[in-house]
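**Student:** Show me how the following folds:
(one chain, ligands or ions: 1)
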Amino acid sequence: MSSSRDGIQVVVRLRPLNERESNNTAARRCLEVVDQASLQYTGRDAPANNHFGFDRVYGEQCTQEEAFEGLTETVRSVLQGFNATIMAYGQTGSGKTHTLLGDVCDRQQRGVVPRAVAELGRGIADCQDDCQIKVTLSVIEIYNERIRDLLDPAKENLQVTHDRERGIVVANATAQPVANERDCVELMQRGIAARAVSATAMNAGSSRSHCVVYLIVERAFADGRIECGKLCLVDLAGSERQDKTAAVGLTAAEGSQINKSLSALGNVVNALTDPRGKAHVPFRDSKLTRVLQDSLGGTARTVIILCCSPSLLNDAETLSSLRFGIRAKGIQNSVQANAVKRTPEQLGKALAAAQAEVEALKQRLALPGSGAGSSGDTPSGTGGLQNSIDSSSGPLQPGRALGLARGVHKWVLVGALQLAGLVAYFAAAELLGCA
Ligand SMILES: Nc1ncnc2c1ncn2[C@@H]1O[C@H](COP(=O)(O)OP(=O)(O)OP(=O)(O)O)[C@@H](O)[C@H]1O
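**Tutor:** Sure, this is the predicted structure:
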């Protein structure tokens with residue numbers, strides 16, 4: 001299966017100053033947009049080079065529609081069997097939930113998630129392939145290191161597993177089939193309403209959990225193949241300083257869990273971009289990083305939306321988000337489509353074909369004069385493989401050329417035999433459901 005090395009895309013979105021920030025006498029700004037792909041940090045403790053470049057920078061006047069425009073290709077790739085992740089990152093109150101969800105019922109104000117649902121709907125309508133398409137929706141939250149199913153909140157300690165056809169998944173999370181955009185939006189609203197939210201001094205509707213919406217698209221073809229793509233939309237809880245949020249009791253405890261999982265995320269990003277390479281990547285240090293394992297350094301197309309406050313009151317947090325984003329931009333994913341799932345009939349056919357190949361190769365190895373069964377002093381054994389070696393190897397001595405070809409011929413045949421055996425093994429294992 002082919003894959004391409006793709007850097008994680010990082011875009012920045014500035015939110016407008018809020019009332020408290022614009023009323024504050026010290027309400028100066030810490031960020032200036034320079035152009036569509038860069039900005040300047042003008043806050044305190046500015047680094048020597050205070051220009052930061054990203055894949056795209058959206059200023060305070062950016063509409064929800066504009067914020068989504070650059071994401072359509074990523075969303076549509078799910079219809080070709082890719083995994084894609086769109087994740088909002090930033091301090092508390094910086095606009096993550098506004099960007100990802102917005103006002104789900106308002107066409108102007110709806111955010112990335114409902115727009116992605118609509119985009120998938122358009123992609124399905126445009127699809128020319130002869131296939132049946134099924135879309136399922138799951139909504140989960142990671143709250144205090146436990147994964148809760150927001151479509152069935154009684155399920156509250158779900159586990160993360162790896163699945164061959166879909167990559168990293170939350171096992172046993174409700175995956176509700178959805179027939180149209182309206183179904184999907186209604187269900188999403190139900191899930192989001194069950195999410196843990198509290199009021200803090202920084203945000204009246206502060207999310208106390210990381211929320212992940214999964215849209216899984218399965219395309220079943222007439223020949224039995226099933227292609228599966230997964231769109232993972234992540235609204236992270238925001239990092240917060242207890243002195244600023246004025247959180248106490250449960251809200252403070254939640255804040256410390258949020259910070260802990262975000263620092264695990266930072267550690268994963270640091271390990272993946274360690275210039276010395278080969279660092280251990282601590283994905284298992286938190287549920288959040290485990291859920292994001294195929295999005296960070298894995299096979300998914302990933303876009304991070306850095307949400308930032310441009311107010312000087314939040315300069316330290318904004319600078320920290322910019323630094324996180326620059327680091328994350330250095331992560332390389334090996335983007336590749338998911339494994340195609342096959343029906344038992346198809347697997348049976350693959351198994352029979354592999355067995356036939358094994359038999360044919362065994363017979364060929366046993367044939368006198370094949371040049372592969374013995375140490376190779378038979379005069380023939382000059383198949384297509386040898387011809388290609390002879391012609392590509394230049395003016396070799398005849399004896400040497402023949403010896404080399406015989407050796408290679410033997411090992412290629414043995415290798416092919418082993419490969420065919422492996423194909424047969426995996427086909428049988430998958431057929432029996434134990435792969
Ligand atoms: N681009 C924007 N335009 C207008 N209002 C915005 C924008 N971004 C955020 N807001 C407003 O700012 C407030 C905080 O935003 P939001 O709840 O999205 O922050 P958050 O980053 O999700 O915070 P938390 O991490 O605490 O959940 C909300 O009232 C939201 O409507």
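
**Student:** C-alpha from now on. contacts and neighbour counts both.
**Tutor:** OK.

**Student:** Pull out the buried positions in the helix or strand containing Ser256.
**Tutor:** Here Ser256 is covered by helix 249-272, with elements defined by DSSP states H and E. Residues of helix 249-272 classed as buried by neighbour count (16 or more other CA atoms under 10 Å): 251-252, 254-272.

**Student:** go on, stretch 211-218?
**Tutor:** Neighbour counts using 16+ other CA under 10 Å place Cys211, Val212, Val213, Tyr214, Leu215, Ile216, Val217, Glu218 of stretch 211-218 among the buried residues.

**Student:** now do stretch 217-236
**Tutor:** Under 16+ other CA under 10 Å, the buried positions of stretch 217-236 are 217-220, 226-236.

**Student:** Also stretch 309-319?
**Tutor:** Within stretch 309-319, the residues that count as buried by 16+ other CA under 10 Å are Ser309, Pro310, Ser311, Leu312, Leu313, Asn314, Asp315, Glu317, Thr318, Leu319.

**Student:** count of neighbours near the closest residue to Phe82 other than its chain neighbours?
**Tutor:** Closest residue to Phe82 in three dimensions, ignoring its sequence neighbours and counting by CA to CA, 6 or more residues apart in numbering: Ala337, at 4.4 Å. A count of neighbours around Ala337, defined by other CA atoms under 10 Å, yields 23.

**Student:** Please apply the same query to the one 3 residues further on.
**Tutor:** Residues lying near Val340 (other CA under 10 Å) number 13.

**Student:** Pull up the gap between the closest residue to it other than its chain neighbours and the ligand, please.
**Tutor:** With sequence-adjacent residues excluded and distances taken as CA to CA, 6+ apart, Val340 is closest to Glu227, at 5.2 Å. As defined by CA to the nearest ligand atom, to the nearest Å, Glu227 lies at a distance of 34 Å from the ligand.

**Student:** Please identify which helix or strand holds Glu227.
**Tutor:** Glu227 is part of strand 226-235, with elements assigned from DSSP H and E.

**Student:** just to revisit the earlier point, show me which of the buried residues of stretch 217-236 is closest to Pro177.
**Tutor:** The shortest distance between Pro177 and any of the buried residues of stretch 217-236, using CA to CA, involves Val217 and amounts to 9.9 Å.

**Student:** close enough to count as contact, Leu31 and Ala46?
**Tutor:** No - if you go by CA atoms under 8 Å, Leu31 and Ala46 don't touch, sitting 10.8 Å apart.

**Student:** Tell me which of those two has more neighbours.
**Tutor:** For Leu31 versus Ala46, neighbours defined as other CA under 10 Å are more numerous around Leu31 (23 against 15).

**Student:** how about the nearest residue to that one, chain neighbours excluded?
**Tutor:** Spatial nearest neighbour of Leu31, excluding adjacent residues (CA to CA, 6+ apart): Tyr41 at 4.7 Å.

**Student:** Gln257 is in contact with Glu145, isn't it?
**Tutor:** Yes - counting by CA under 8 Å, Glu145 is a contact partner of Gln257 at 7.5 Å.

**Student:** residues from the stretch 151-300 of the chain in reach of the ligand?
**Tutor:** Counting by CA under 6 Å from any ligand atom, the positions of the stretch 151-300 of the chain adjacent to the ligand are Asn203, Gly205, Ser206, Ser207, Ala237, Gly238.

**Student:** part of a strand, is the residue nearest to Phe82?
**Tutor:** No - looking at Ala337 with DSSP: H, G, I helix; E, B strand; the rest coil, it is coil, so not inside a strand.

**Student:** from memory it sits against Ala84, does it?
**Tutor:** No - using CA under 8 Å, Ala337 and Ala84 do not qualify as a contacting pair, with a distance of 10.1 Å.

**Student:** Overlap in contacts, these two.
**Tutor:** Each of Gly229 lies in contact with both Ala337 and Ala84 under the rule CA atoms under 8 Å, 6 or more residues apart in numbering.

**Student:** Let me see the ranges of the helices in this structure.
**Tutor:** Assignment of helices within the chain using DSSP state H yields the ranges 19-23, 64-69, 72-76, 96-100, 112-126, 181-193, 242-245, 249-272, 287-291, 315-329, 344-366, 384-392, 398-431.

**Student:** comparing those, which gets the lowest mean pLDDT score?
**Tutor:** Per-stretch averages of pLDDT across these put helix 384-392 at the bottom, with a mean of 31.

**Student:** Look up phi and psi at the residue nearest to Phe82.
**Tutor:** phi -70, psi 160 (degrees, to the nearest 10).

**Student:** Distance of it relative to the ligand?
**Tutor:** Taking CA to the nearest ligand atom, one finds Ala337 at 31 Å from the ligand.

**Student:** can you check Thr136 too?
**Tutor:** Between Thr136 and the ligand the distance is 25 Å, computed by CA to the nearest ligand atom.

**Student:** before we move on, back to that, just confirm the residue nearest to Val340 contacts Ala220, I think it does.
**Tutor:** Yes - using CA under 8 Å, Glu227 is in contact with Ala220, at 6.6 Å.

**Student:** Now do the shared contacts for the two.
**Tutor:** What both Glu227 and Ala220 touch, as defined by CA under 8 Å, 6+ apart, is an empty set.

**Student:** Quick check: mean pLDDT of stretch 44-52?
**Tutor:** Mean predicted confidence for stretch 44-52 is 93.

**Student:** got the end-to-end distance for that stretch?
**Tutor:** End-to-end distance for stretch 44-52: 15 Å, by CA to CA, to the nearest Å.

**Student:** residues near the residue of the stretch 251-400 of the chain at minimum distance from the ligand, how many?
**Tutor:** With CA to the nearest ligand atom as the measure, Cys307 is the residue of the stretch 251-400 of the chain nearest to the ligand, at 6.9 Å. The criterion is other CA under 10 Å. On that basis, Cys307 has 28 neighbouring residues.

**Student:** Thank you, goodbye.
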